[in-house]
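S.K.: Using only what follows, build the 3D model:
(3 chains)
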Amino acid sequence: MKGSSKNGVLLLLIPAVVFIFLLFVYPFCYGLYTSLTKADGTFTFANYIRFFTTPREIRTIWVTLGIAVPVTLLAVGLAVPLSYYMRRGIKGEKIISFFLIVPVTLGTVLVSEGMLTFMGPNGWLNQLLMALHLVQKPVQFTHNYAGVAISVGLQGFPYAFLMLLGYVSGINPDLEKASQMLGANKWQTFWKILFPLMVPGIAISFCLNFVMAFSVYPSAVLLGQPSGPQRVIALAAYQMAFEKFNFNAASAISMIMAAIELVVIAVVLAWRNKMYKGASIVGKG
Amino acid sequence: MEKKKLKMSSVLFAIVIAVYVAIVLGIILTVVLNSLSKGWYSGVLPKTITTEWYKYAASDHVIPQLIWVTFLVAIADVLVGLLIAFPAAYALARTDFKGKAILLSLFLLPMIVPPMAYGIPLAMLCYKFHLAGQIIGTIVVNLVPIVPFMILVLMPFIEQVGTNLESAAKMLGAKRMTIFRKVLIPLTTPGILTAGILSLVKSISLFDLTYLIAGGKNQTIVVALFSDAYAAGARPPQAVDALAVIYFLIAMTSLLISLRFVSPTQMVFKLK
Amino acid sequence: MKDFKRISVRRMSKRFGEKTAVDDFSIEFGKEEFVTFLGPSGCGKSTALNCITGLIPITSGEIFIDDECIDDSKTSVPPEKREFGMVFQNYALFPHLTVKENIAFGLKLRKLPRSEVDKRVGDALKMVHLEGYASKFPSQMSGGEQQRVAIARCIVLEPRLLLLDEPLSNLDAKLRVELRYELKALHERLKVTTIYVTHDQTEALALSDRIVVLKLGKIQQIGSPQVIFSDPANPFVADFVGYKNAWKGKIESLKEEGSSLSVKVRTAGILIESRVSYSEGDPRRKDLVEAFKTGKSVTTAIRPEDIVSGSQPGCNVFRCVADLVEYQGHANQISACIQGCEDERVDLRSVSQVGFGQFFEASVDPSKVLLFALPQTAQANSKGKAT
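M.R.: Predicted structure coming up:
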């Protein structure tokens, strides 16, 4: 593209740039600024210090990580074999994909309400488990870690699945054939050829799901014990903002959240770069 | 030797799918049944069926208003979002310039950064400018997650429409605006539809930011739903379920409509 | 598992739902032979190849290695256990592994000691002239280089059968010729039994010991390159190896002179004499005799280079009008029609200058005019090309 017409095209970016700066960068910086000031505007680290010196607050980091990391690992870990199995298209693919994606439409509240009833002590799930004599008493799926984990996992899985399915279908099918001809069985082909090539997709999928899981709020409130073992960091931020009206502290907590997420993302991307050195051509030959 | 045996992997796959579907269906059905039942505390099925909870929900909230607000916000977000995202996606798809990678990352940041991190300050700003509690505020605020998403979806579609088509139109004497209108937009209609419909579905479910901004009359369904559920005890859970079912039907309808235009695997965006 | 004497494919068929991709495919070939499956797109040659590798399950038929049945359509030996090597059209190199790791892939699976692996990889690289490329990634290499790596990756395992699926199709013309020479040299040196799939008759003629010509899943002819080239079994094969001038007509006279037939055919408004050597048991001879008796249509097949301009003694001579003259360097490619008959085209090659619309005389020796009886379905066609 030459000179003036290129500049003309670049002008098209202006609305988006204005938008991003106005509605994202500015608020974010404002949030950063707010987190580093007191209510009267003086500069201080007090908001951060307060957070890190209050055991109840620091615990929210571990609580939230303790939910987000395992759940994301499970969601991605389930999406990998499922998308691998469906990579070449199978019977009823459309219907199965549809059902796998449905949780996207449910919304947190419906999932939570549904779980409270369906997985409650008197719900169908426990009735079934007891009828099959798999358990003696009802299993506690709600108002605890399990409830939050299942809710977050169920809502995050469709995104991981869609991303990985798209990714794995894009890998040249001849690579598997070549691997087989060279003597590898299905298992070896998966681990030595397909999995390394899926790593970028897995990394991105993990990052996106982790961010969603780490920001968990409604699920924790409705399905967990938000004042105790499932007090997540987003809840701490909300409470600061809307119960204590301490926006400075709330912003600080938000910034801490963002920082932790960035750290985890950086770690995942570092892993991805270590695993995946040479290839840029993954698509169909 | 392996030929027509029932493969172990097929069995495992079937089991996993069955469990997943069972849980999803179980959750949906319980909520639906609960919303239609009275006195269902134990046993497999409710004892009585009633629509009173829907009536309750209707009287408790102004349901038409909720639906109206939800759709107004969603559609407005989609339209404004497209106006912002399409030119940007075009510029990003067609040109290369120094700092393009940085700019692209910047555009995509809102999808990675938790809504909390910019949401509270954004909410504070909206309060300052008296936008909070207004529908406009909700629309503006929800643009932030939607525009990046749209850019991401639109870019591959624009890249697919080769530049040679635009060059051909130019050779035939068309001005830039005409090319845009008569060549580019029609050819990228699938992309626009995909981006628009997916964003519509997504925006119906957007919660975090709306929750921070909206108040009273201008809630979307998802916010009203959460407020009800959170204040459990003040309302009978079946009424909450009734509202949840209404929300679910709206979201499901949108999803089904979108699936007519786009297959599940196409809904995926590939980040480099 | 290792050495074998014969590979035998017996009545192999592959159906995809309603569609039959490969039908009643039978061939037997021995150690060190180079066999090519030749045919146009969609003829089933790649499918047949993939069936032999075991990557595609066969619908019926059997595949034997010596006395061991490796596939009888109900059970089969999986591809990873057959010890065959395969080279793909798009190379299928593992993008995340270096050249060295790609080549070593199969060796490592067999748990060979490190020193042995290194040595064999080094030897393979030398054989394909890629020393020094060991640490490169496929994305850093050209198509020709990638293909050589793909070949090295196979031969390093000393497979008992090497299969190549249109390996040169993705390369540009010059590279194709270069790599073809290298493949031939490799085959001479390593003497690996090879099945080669291509749509390019030049490759088939240059490389093969025997060629299998396929059309729509069915074998048309199996023979040495010499036989396929000068003695095609039917109009399809003839056309595929470069015979043009397929003129439809009816036999006016037929004389059997020992092992040859002297046939006069009325076609394209002229009377053409053809002298073919089809022996007594040859079905083509029987078909022509029958066509003469019953008045069925026949079709000619003449190579463009066998029609010369000017009037030659002892040949068929006819007048043509030139339509299209294409300069090819060593000769002109001329497309003409026979004077008085616009239905059939004449394709010939000539060094003489012929202008557009110019009348000229052309001759063709009767022994260069092939003749085939048309199958039943083609009798009804008005335009001459054989089905």
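S.K.: Which helix or strand contains residue C:363?
M.R.: strand C:359-364 (DSSP states H and E).
S.K.: That strand - contacts with which helices or strands?
M.R.: strand C:307-309, strand C:316-327 (3 or more C-beta pairs under 8 Å, 6 or more residues apart in numbering or on different chains; DSSP states H and E). From N, CA and C alone the C-beta is placed, and that goes for glycine too.
S.K.: Show me what the longest one pairs with in its sheet, parallel or antiparallel.
M.R.: Based on DSSP bridges, the pairing partners of strand C:316-327 within the sheet are strand C:332-338 (antiparallel), strand C:359-364 (antiparallel).
S.K.: In TSV: those, plus distance to residue B:81, mean pLDDT and mean neighbour count.
M.R.: Compiled in TSV, those are given as follows (distance: least, C-beta to C-beta, whole Å; pLDDT from 0 to 100; neighbours: other C-beta atoms under 10 Å in any protein chain shown):
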stretch	distance to residue B:81	mean pLDDT	mean neighbour count
strand C:332-338	60	87	19
strand C:359-364	72	88	18
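S.K.: And those: which comes nearest residue A:159?
M.R.: strand C:332-338 (60.0 Å; C-beta to C-beta).
S.K.: Tell me the residues on chain C that lie near chain A, please.
M.R.: By C-beta under 8 Å from any C-beta of the partner chain, the residues of chain C that approach chain A are C:53, C:55, C:78-81, C:83-86, C:88-98, C:105-106, C:109-110, C:137-139, C:150, C:153-154, C:157.
S.K.: What residues of whatever helix or strand comes next after the strand holding residue C:363 count as buried?
M.R.: Using DSSP H and E, the helix or strand that follows strand C:359-364 towards the C-terminus is strand C:370-373. Neighbour-count burial for strand C:370-373 flags C:370, C:371, C:372, C:373 (criterion: 16 or more other C-beta atoms under 10 Å in any protein chain shown).
S.K.: before we move on, what SS does the closest residue to residue C:253 other than its chain neighbours have?
M.R.: Once flanking residues are discounted, residue C:253 sits nearest to residue C:264: 4.5 Å by C-beta to C-beta, 6 or more residues apart in numbering or on different chains. Under DSSP: H, G, I helix; E, B strand; the rest coil, residue C:264 falls in the strand class.
S.K.: Give the burial count for residue C:264, as a bare number.
M.R.: 17 (other C-beta atoms under 10 Å in any protein chain shown).
S.K.: Equivalent analysis for residue A:228, please.
M.R.: When neighbours are counted by other C-beta under 10 Å, residue A:228 comes out with 10.
S.K.: what about residue C:119, distance to residue C:111?
M.R.: Using C-beta to C-beta, to the nearest Å, one gets 16 Å for the distance from residue C:119 to residue C:111.
S.K.: and those two? which has more neighbours close in?
M.R.: residue C:119 (12 against 7).
S.K.: Name the next helix or strand following the helix or strand hosting that one along the chain.
M.R.: Per DSSP H and E, residue C:119 falls inside helix C:114-127. Next along the chain after helix C:114-127, taking DSSP H and E as the criterion, comes helix C:143-155.
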